[in-house]
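> next comes the sequence, and after it the predicted model I'd like to discuss.
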Amino acid sequence: VLRLLLAAGARNVVVCDYLGAVHSGREDLDDSLRWIAEHTNAEGYAGDLRGAIKGADVFVGVSAPGILTGDDIATMADGAVVFALANPEPEVSPDDAREHAAVVATGRSDYPNQINNVLAFPGVFRGLLDAQASVVTQEMLLAAARALAAVVTDEELGPNYIIPSVFHADVSTAVAAAVRESAG
């Protein structure tokens, strides 16, 4: 997730784990965490997750349930976007997050903006097979993400519809075509 976000142009990224922000001054860094420290958190923030999201435009959670509250989301920037993807219980209650964030997405089907791997996998694999690709590149994955986003038209785009439904008929074919073209 992090490598794709950075490749897509995300900047001023702070990654947190259960010990807090990953930064170059931490003594517990394994190779993976060291890479993260070298490629993110340029200001060297050394606090916890709650402090890391203060003033942030986006929160992407892929970790543990209930680690944030609506009050924590209220400290984010105006118009903040929250991807609380821990499943089945997100990092923050979607209802509480909606009180403060402009857009909220979860991995759950009972809330708008469900982020589910079934949105990408069938199309990615179809595109790889069609292209007879032997590797998956970052460019292919970015092409798949852009194609997935493009399925939602400007007229449809809104706080409760930033990503197509898993049942949208165009998802798989659009993603497959993008991967195939990127591989070729």
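Received it, and whenever you're ready, just let me know what you need.

> strands along the chain, start to end?
Using DSSP state E, the strands of the chain run over residues 16-17, 20-21, 58-61, 81-84, 103-106.

> what sits up against the last one?
The set of residues external to strand 103-106 that reach it, using CB atoms under 8 Å, 6 or more residues apart in numbering, is 80-85, 87, 90, 94, 97-98, 111-115, 159, 162-163. The C-beta positions use only the backbone N, C-alpha and C, and glycine is treated the same way.

> and those residues, which of them are in helices?
94, 97-98 (DSSP state H).

> the most centrally placed residue in the chain pairs with what?
For the chain, the residue nearest the mean C-alpha position is residue 60 (5.2 Å; CA atoms, centre = their mean). Taking DSSP bridges as the rule, residue 60 bridges to residue 83.

> contact partners for it?
1, 5, 83, 85.

> number of residues surrounding the last one?
Read it as residue 85. 19 (other CB atoms under 10 Å).

> wait, what's in contact with it?
Here residue 85 is in contact with 60-62, 91, 105-107, 115 (criterion: CB under 8 Å, 6+ apart).

> quick one: residue 142 and residue 4 touch, right?
Yes - in this structure, residue 142 is within contact of residue 4 by CB atoms under 8 Å, at 6.6 Å.

> higher neighbour count, these two?
In terms of neighbours (other CB under 10 Å), residue 142 is the more surrounded of residue 142 and residue 4; the figures are 16 against 13.

> who's in contact with that one?
4, 7-8, 182.

> can I get these in TSV including distance to residue 168 and pLDDT?
TSV is the format used below for the contacts of residue 142 (distance: CB to CB, whole Å; pLDDT from 0 to 100):
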residue	distance to residue 168	pLDDT
4	21	96
7	25	97
8	22	97
182	21	97
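
> compare the residues you listed and tell me which is most surrounded.
residue 182 (20 neighbours).
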